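Participant: sequence and predicted structure, then a few things I'm wondering about:
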Amino acid sequence: MTSSSAPTARPAGRPPAAADRPGARPCTVALLADAPPTGRVGDARARRFPLTGRTEGERASAFVEFAAAELEAGRKVVAVHPDWRSEPAFRAVRFARARGLTDGIAPVGLALPPLALSFLADQLAYLARFLPPGAVAAMAGELPHHMFAGACLHRVGGLSAPPASLTQHAGSFLPGSAFIAVCAPVRRVLTLRPGELAEDLPALPGAPLRVVSAAPDGKASPVFTDDLLPVLRPHSTDGAPEQPLAAEYWGSRRFTEFVAFSAHPEALTYAARTVRTVPCRWCGEHTAEPRCAFCGRTGHRVPPREPPLGGPPSLRLSPVPAPRTSPEDGPSPLTVPTGPLSAEERPAPAEPLLPLSRSAPPLREPAAPRTGPGGWLEPPPGLPMAPNGRRGAHPIAAPDAPAE
């Protein structure tokens with residue numbers, strides 16, 4: 001006699017996790033850097049590989065074994081890494097791809113500081129539950145447009161990115177100087193001037209705003225607490241573990257890293273609807289760049305990113321319009337399940353997960369090559385003409401046999 005247990009009911013309003021849906025999740029996100037998680041994206045965690053060791057084999061072995069197990073389970077891997085430390089990550093990805101003889105591992109380099117990189121990798125791990133692998137790789141380039149990330153510094157002499165001006169380098173030696181290095185959504189260095197900070201800041205994410213910060217020994221800079229936070233007016237402020245690579249990135253031990261993002265339940269949906277992708281002509285994965293992140297095929301014509309109608313989420317939790325899906329509107333945007341809202345402020349229900357784009361037009365068959373006498377292929381029309389005005393002989397055509 002066999003007994004069967006009823007499936008556990010999923011709480012209303014919670015997005016379906018990978019275990020709730022038939023089949024395994026389509027991909028896994030790995031972070032190839034020594035960047036501890038911030039713990040601010042729920043239970044979503046990217047698998048982290050610091051790539052440390054005395055030899056290249058020791059540094060890459062853990063990731064190679066992990067990638068082989070994921071590929072064997074039918075899941076592709078999106079390997080996120082900092083582009084300012086790309087060589088160890090590229091070698092690890094090459095080793096993993098060579099072992100499995102597969103293009104199911106996509107290296108994605110990002111020009112973000114350690115704290116923002118760690119936070120974005122966990123966001124991608126959350127999106128990997130709902131989106132196909134190519135769409136997850138495409139979101140890695142879109143999410144920096146929806147955050148405000150950087151650091152508060154007192155010196156920019158050792159800062160390589162974002163670049164500082166000569167005046168700012170000289171101002172680093174003056175007592176009381178302070179700077180804000182912005183890495184997302186734009187890259188610039190701001191000189192702190194009393195009363196002018198609000199005018200110099202770039203566009204901020206939608207409200208309610210949440211800020212995560214990290215500093216050496218947990219001591220935030222007065223520039224961050226007394227100058228930046230009053231301008232941002234965040235809904236909440238949280239601390240995160242110090243990032244081991246932060247001192248190398250910022251070129252100083254006196255800094256306070258921060259990441260500001262929207263805590264609106266529709267924020268990730270809004271970001272996903274901004275991305276436009278097309279299927280790769282070689283591997284079939286979705287891509288938002290001319291070059292596919294998985295197989296490397298180039299030449300894709302990708303439509304530009306287009307924010308949905310209605311603007312970013314606001315504090316009023318106004319509903320975001322559903323994406324357009326008619327054929328004449330081009331590729332369809334991504335959609336992500338959202339969390340529960342109150343009954344009186346609940347927006348219109350989101351559409352189910354939609355296909356990312358229309359099918360690519362069929363490729364035309366190449367024309368049959370022209371053949372000459374004897375079955376030899378005729379030379380292409382681009383060959384240079386002989387001095388007598390006639391086209392030269394075929395480069396592999398044998399001369400006529402001499403007469404007996």
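Facilitator: The structure has been received and is ready for your questions.

Participant: ramachandran angles for Val77?
Facilitator: Backbone torsions for Val77, taken as degrees, to the nearest 10, come to phi -120, psi 130.

Participant: OK, contacts around it?
Facilitator: Neighbouring residues of Val77 by Cβ atoms under 8 Å, 6 or more residues apart in numbering: Cys27, Thr28, Val29, Ala30, Phe66, Ala67, Glu70, Leu71, Ala96, Gly104, Ile105, Ala106. C-beta here means a position set from N, CA and C on the backbone, and glycine is covered the same way.

Participant: could I get these as JSON lines with secondary structure and neighbour count?
Facilitator: Output for those, formatted as JSON lines (DSSP: H, G, I helix; E, B strand; the rest coil; neighbours: other Cβ atoms under 10 Å):
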{"residue": "Cys27", "secondary structure": "strand", "neighbour count": "28"}
{"residue": "Thr28", "secondary structure": "strand", "neighbour count": "24"}
{"residue": "Val29", "secondary structure": "strand", "neighbour count": "26"}
{"residue": "Ala30", "secondary structure": "strand", "neighbour count": "29"}
{"residue": "Phe66", "secondary structure": "helix", "neighbour count": "16"}
{"residue": "Ala67", "secondary structure": "helix", "neighbour count": "29"}
{"residue": "Glu70", "secondary structure": "helix", "neighbour count": "21"}
{"residue": "Leu71", "secondary structure": "helix", "neighbour count": "19"}
{"residue": "Ala96", "secondary structure": "helix", "neighbour count": "25"}
{"residue": "Gly104", "secondary structure": "coil", "neighbour count": "21"}
{"residue": "Ile105", "secondary structure": "strand", "neighbour count": "27"}
{"residue": "Ala106", "secondary structure": "strand", "neighbour count": "25"}
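
Participant: any chance of these in a markdown table, plus pLDDT and distance to Phe224?
Facilitator: What follows is the contacts of Val77, written out as a markdown table (pLDDT from 0 to 100; distance: Cβ to Cβ, whole Å):
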| residue | pLDDT | distance to Phe224 |
| --- | --- | --- |
| Cys27 | 92 | 36 |
| Thr28 | 95 | 34 |
| Val29 | 97 | 29 |
| Ala30 | 97 | 31 |
| Phe66 | 96 | 36 |
| Ala67 | 96 | 38 |
| Glu70 | 95 | 38 |
| Leu71 | 94 | 43 |
| Ala96 | 95 | 39 |
| Gly104 | 94 | 41 |
| Ile105 | 96 | 38 |
| Ala106 | 95 | 35 |
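
Participant: just give me the closest of those residues to His264.
Facilitator: Val29 (22.4 Å; Cβ to Cβ).

Participant: would you agree Ala151 is in contact with Thr256?
Facilitator: Yes. If you go by Cβ atoms under 8 Å, Ala151 and Thr256 touch, sitting 6.2 Å apart.

Participant: Pro265: how many residues sit nearby?
Facilitator: Residues within reach of Pro265, counting by other Cβ atoms under 10 Å, total 16.

Participant: measure it to Ala116 for me?
Facilitator: Pro265 sits 21 Å away from Ala116, going by Cβ to Cβ, to the nearest Å.

Participant: could you do His146 as well?
Facilitator: Noted for His146: a distance of 11 Å to Ala116, by Cβ to Cβ.

Participant: neighbour count winner among the two?
Facilitator: Neighbours per residue (other Cβ under 10 Å) separate His146 from Ala116, with Ala116 holding more: 29 against 22.

Participant: which residue ranges form the strands in the chain?
Facilitator: Assigned by DSSP state E, the chain shows strands spanning 27-31, 47-48, 76-82, 105-110, 147-153, 179-184, 188-191, 209-214, 236-239, 255-262, 278-279, 286-287.

Participant: compare these and give me the one nearest Pro132.
Facilitator: Proximity to Pro132 (Cβ to Cβ) singles out strand 286-287 among those, at 6.0 Å.

Participant: so what touches that closest one?
Facilitator: With Cβ under 8 Å, 6+ apart as the criterion, strand 286-287 contacts 132, 134-135, 137-138, 277-280, 293, 300, 302, 356-357.

Participant: next one: stretch 246-259
Facilitator: By Cβ under 8 Å, 6+ apart, stretch 246-259 touches 38, 82, 84, 113-116, 119, 147-161, 181, 211-216, 220-221, 223-224, 228, 243.

Participant: likewise for stretch 173-181?
Facilitator: Contacts for stretch 173-181 (Cβ under 8 Å, 6+ apart): 150-156, 159, 162, 164, 168, 171-172, 189-192, 197, 221, 223, 227-228, 250.

Participant: pull out the buried members of those.
Facilitator: Buried by 16 or more other Cβ atoms under 10 Å: 150-156, 159, 162, 164, 168, 171-172, 189-192, 197, 221, 223, 227-228, 250, out of the contacts of stretch 173-181.

Participant: in a markdown table: the strands of the chain, plus distance to Ala62.
Facilitator: Below are the strands of the chain laid out as a markdown table (distance: least, Cβ to Cβ, whole Å):
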| stretch | distance to Ala62 |
| --- | --- |
| strand 27-31 | 10 |
| strand 47-48 | 10 |
| strand 76-82 | 13 |
| strand 105-110 | 14 |
| strand 147-153 | 28 |
| strand 179-184 | 28 |
| strand 188-191 | 36 |
| strand 209-214 | 25 |
| strand 236-239 | 29 |
| strand 255-262 | 26 |
| strand 278-279 | 32 |
| strand 286-287 | 28 |
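
Participant: for Tyr126, find the nearest of those.
Facilitator: Among the strands of the chain, strand 27-31 comes nearest to Tyr126, with 8.9 Å by Cβ to Cβ.

Participant: counting by contacts, list what the closest one packs against.
Facilitator: Strand 27-31 is packed against strand 47-48, helix 56-72, strand 76-82, helix 114-127, helix 133-142, with contacts defined by 3 or more Cβ pairs under 8 Å, 6 or more residues apart in numbering; DSSP states H and E.
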